[in-house]
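# need a structure here:
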Amino acid sequence: MQNQLERDIRRALDALATDQRAVIELAYFGGLTQTQIAEVLDTPLGTVKSRVRLAMQHLRRSVDAFGMEALS
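Okay, here's the model as predicted:
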C-alpha cells in the first residue's frame, strides 16, 4: 500500500509544470520557506506564492483522480 501511495504521489508531482514542481520540492522536501525559495530561485516572492498555490491545486485534483482522498 505504501509503495503504491509513493508511486501515486510521484506521478502527481511529475505531472506538475517544472517551475511548480521545483517550488513544491524545495518547500516540502527541502524544508525551505517561500522567502528562501524566492532567494534560491532568484524569483519574486509573489511568483513563488502563485506557483505553490497552482501546484497545490493541481496536486489536489490528482489526489482526487488517484482516489487518495485521505491525503486531500
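# how close does the nearest residue to Leu32 once chain neighbours are set aside get to Gln4?
Nearest in space to Leu32, with sequence neighbours left out and distances taken as CB to CB, 6 or more residues apart in numbering, is Leu26 at 4.8 Å. Placement of C-beta: from N, CA and C, glycine included. Distance, Leu26 to Gln4, by CB to CB, to the nearest Å: 26 Å.
# again, but for Ile24
As for Ile24, its distance to Gln4 is 20 Å (criterion: CB to CB).
# out of the two, which sits in the busier spot?
Ile24 (20 against 10; other CB atoms under 10 Å).
# Can you tell me the element the more buried one falls in?
Element membership of Ile24, judged by DSSP states H and E, is helix 18-24.
# One more: Glu39?
Glu39 belongs to helix 34-41, assigned by DSSP H and E.
# buried sites along that helix?
Going by neighbour count (16 or more other CB atoms under 10 Å), the buried part of helix 34-41 is 34, 37-38, 41.
# mind listing what Val48 touches?
By CB atoms under 8 Å, 6 or more residues apart in numbering, Val48 lies in contact with 23, 34, 37-38, 41.
# Which two among the residues you listed are spaced furthest apart?
Farthest apart among the contacts of Val48 by CB to CB are Gln34 and Leu41. That separation is 10.5 Å.
# can you list residues touching both of the two?
23, 48.
# Okay, buried residues for the helix or strand that the helix holding Glu39 is followed by please.
Where DSSP H and E defines the elements, the next helix or strand beyond helix 34-41 is helix 45-66. By 16+ other CB under 10 Å, the buried positions in helix 45-66 come out as 48, 51-52, 55, 58-59, 62-63, 66.
# Need the worst-confidence member of those residues.
pLDDT is lowest at Phe66 among the buried residues of helix 45-66; the value there is 69.
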